[in-house]
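Peer 1: Below are the sequence and a predicted model for it; my questions follow.
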Amino acid sequence: QVQLVESGGGLVQAGGSLRLSCTVSGGIFNVYVMDWFRQAPGKERESVATIDRTGARTAYADSVKGRFTISRDNAKKMVYLQMNNLKPEDTGVYYCAVDRTIYTGAISNRTSYMSYWGKGTLVTVSS
């Protein structure tokens, strides 16, 4: 059984930074493509970033490109999302997920390709 636990969310002012962490237990972490998603109130869950098994390749949604950085530590079985220059529109619950496909760099419409999800961590950005 694969379990994911996110942490690091909180309340931050616009322009601030947060670093989200996701701890993965069970399974074989270093074969998983990993993704971060977010869901704002009243909106659908959307993909934010994806990273390949080694961490060499990453891709981002246009809305976060240049501000967010996804990374991973296979030895620790963790994936991270560094979020800088946060904006109020970044507010939402952030989820990490195990992607059951090979790395493609695709960002859109990825929800149905995830095998496992964490319960999420809330990020609130005040203006």
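Peer 2: Received it, and whenever you're ready, just let me know what you need.

Peer 1: in its sheet, what does the lowest-mean-pLDDT helix or strand in the chain sit against?
Peer 2: Ranking every helix and strand in the chain by mean pLDDT, DSSP states H and E puts strand 114-117 at the bottom, with a mean of 94. Note on strand 114-117: by DSSP bridges, its sheet partners are strand 92-99 (antiparallel).

Peer 1: residues in contact with the strand it pairs with?
Peer 2: 2, 4, 6, 9, 20, 22, 24, 27, 32-41, 43, 45, 48, 50, 79, 81, 110, 113-123 (C-beta atoms under 8 Å, 6 or more residues apart in numbering). From N, CA and C alone the C-beta is placed, and that goes for glycine too.

Peer 1: same question, stretch 30-46
Peer 2: The contact list for stretch 30-46 (C-beta under 8 Å, 6+ apart) reads 20, 22, 24, 47-54, 61, 70, 72, 74, 79, 81, 89-99, 101-103, 110-111, 114, 120, 123.

Peer 1: Distance from it to the middle of the chain?
Peer 2: Stretch 30-46 has its C-alpha centroid displaced from the chain centroid by 6 Å (C-alpha atoms, centre = their mean, to the nearest Å).

Peer 1: and G16, what does it touch?
Peer 2: With contact taken as C-beta under 8 Å, 6+ apart, G16 is in contact with 86, 125.

Peer 1: M34 pairs with what?
Peer 2: I51, V98.

Peer 1: tell me the strands in this structure, going along the chain?
Peer 2: Using DSSP state E, the strands of the chain run over residues 3-7, 10-13, 18-25, 33-39, 46-51, 58-60, 68-73, 78-83, 92-99, 114-117, 121-126.

Peer 1: looking at the ones you listed, which has the lowest confidence?
Peer 2: Among those, strand 114-117 has the lowest mean pLDDT, at a mean of 94.

Peer 1: Just the CA atoms of that one, as CSV, please.
Peer 2: Output in CSV follows, covering the C-alpha atoms of strand 114-117 (Å, rounded to 0.1, in the frame of the first residue of the first chain):
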residue,chain,number,x,y,z
MET,A,114,-2.6,9.2,-11.0
SER,A,115,-2.5,6.0,-9.0
TYR,A,116,-2.2,7.4,-5.4
TRP,A,117,-3.0,10.7,-3.7
